[in-house]
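Participant: when you get a sec, could you give me coordinates for this:
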Amino acid sequence: MKTIAVLTNFSDRSEHAASYALHLAQKIKANILLFNSFLVPSNIAIDAQVAWPAGEYEEMQSYSEMKLKELCKKLEDEVKTKYSVLIFQPKIKQLGQEGTIANALTKLEENKEIILLVMGTHSTDDLSTFLMGNNCRQVIDAANLPLLVIPGNAPIKDIEQFAFATDITYSDVAYINALTSLAAQFTGEIIITNVNPDSPLDSEHDAAVHLFMNDVANEVNYAKISYRTIPNTNVKKGLEWLTTNGSFEMLVMVHRKSSFFEFFYKSSISKKMAACSTIPLLIYPYPMANIPLF
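Facilitator: Sure, this is the predicted structure:
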């Protein structure tokens, strides 16, 4: 059975992400797996002046299990109150594991029923962020499945418009094709967007766009697809303008993992957008031998 894995640290933001994932699961007829990875204090490198409570592994495991049960009950109550027995009702399961969430992904992704990872953004004033660190960047690099990052204020509603950000790379066509399996669940429109400083486009870039859209037309069987250029010299600022001023409910990007040099000196656009996007951000890892369908 198709499953959405929700990566939770029990913050308000991650609980909101779980509720968003539940709405999505009902639409695509998938179940929910609530997943928490916990760190034993003695295994965390921290300042020696910070005092930790005793108990270590058993206490952290017990706390994780308790909070997972609470969240599971909350979502089960949402299912009962929101969804009629005559329509699909997602089943909710839970799993806790010791270790960093990025390291835990390898084992979690062995479950071939999981087609999507979901997590909330982190706030700098969250206690969970202090304890666990901001895992979002690590997960973006470690994930081998699509990752949906949910801002804390993202409304839970159907998705009418998806913005697929591309740099006009042919490999993106396969991801657009996979995205149609999600868009079709909402009869939503996919707007392929490219941030470019030239308006109008120079002849070389214009030819590249036409070739790319021709590939999309030939290889993607979905009627509600269009193209839009965003004029801006800075890709991040262009996408920020798009998410702030457009009527999109979801931004979609492909994350090409950084080189060793880039890892230390600059961050990818997908990581930057995960930190600031005002709408849910769906990040596909590259490359993928088999892109999951929704």
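
Participant: buried set for stretch 156-171?
Facilitator: Neighbour-count burial for stretch 156-171 flags I159, Q161, F162, A163, F164, A165, T166 (criterion: 16 or more other Cβ atoms under 10 Å). Every residue, glycine included, has its C-beta placed from N, CA and C.

Participant: no wait, stretch 183-196
Facilitator: Neighbour-count burial for stretch 183-196 flags A183, F186, G188, E189, I190, I191, I192, T193, N194, V195, N196 (criterion: 16+ other Cβ under 10 Å).

Participant: ok, back up a step: most widely separated two among the buried residues of stretch 156-171?
Facilitator: Pairwise distances across the buried residues of stretch 156-171 peak at 18.4 Å for I159 and T166 (criterion: Cβ to Cβ).

Participant: residue contacts, K93?
Facilitator: Shown in contact with K93 (Cβ atoms under 8 Å, 6 or more residues apart in numbering): N31, I32, L33, L34, C72.

Participant: how about C136, nearest residue that isn't a chain neighbour?
Facilitator: Nearest non-adjacent residue to C136, counting by Cβ to Cβ, 6 or more residues apart in numbering: A274, 5.4 Å away.

Participant: cool, E78 as well?
Facilitator: Using Cβ to Cβ, 6+ apart, the nearest residue to E78 is L22, at 5.9 Å.

Participant: and the host helix or strand of that neighbour, what does it pack against?
Facilitator: When elements are assigned from DSSP states H and E, L22 belongs to helix 12-28. Contacts defined by 3 or more Cβ pairs under 8 Å, 6 or more residues apart in numbering; DSSP states H and E place helix 12-28 against strand 3-7, strand 31-38, helix 56-82, strand 114-120, strand 147-150, helix 172-186.

Participant: pLDDT weak spots in the stretch 51-200 of the chain?
Facilitator: 51-55, 122-134, 199-200 (pLDDT under 70).

Participant: give me that answer again for 50
Facilitator: Along the stretch 51-200 of the chain, the model assigns pLDDT under 50 to residues 51-52, 54, 125-133.

Participant: what residues does the strand or helix carrying N103 touch?
Facilitator: Taking DSSP H and E as the criterion, N103 maps to helix 101-108. By Cβ under 8 Å, 6+ apart, the surrounding residues in contact with helix 101-108 are 5, 7, 35, 37, 95, 97, 114, 117, 132, 135, 138-139, 141-144.

Participant: whichever of the residues you listed end up buried, select them in PyMOL.
Facilitator: To isolate the buried members of the contacts of helix 101-108 in PyMOL, using 16+ other Cβ under 10 Å:
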select buried, resi 5+7+35+37+95+114+117+132+135+138+139+142+143
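
Participant: closest to K257 out of the contacts of helix 101-108?
Facilitator: D141 (6.0 Å).

Participant: checking my notes, the closest one in a strand, right?
Facilitator: No. Counting by DSSP: H, G, I helix; E, B strand; the rest coil, D141 is located in no strand; its state is helix.

Participant: how close does it sit to A217?
Facilitator: As for D141, its distance to A217 is 33 Å (criterion: Cβ to Cβ, to the nearest Å).

Participant: what of L211?
Facilitator: Shown here: L211 relative to A217, a distance of 11 Å by Cβ to Cβ.

Participant: could you give the average pLDDT over stretch 2-19?
Facilitator: Mean pLDDT, stretch 2-19: 96.

Participant: and it, end to end?
Facilitator: Length of stretch 2-19, first residue to last, Cα to Cα, to the nearest Å: 17 Å.
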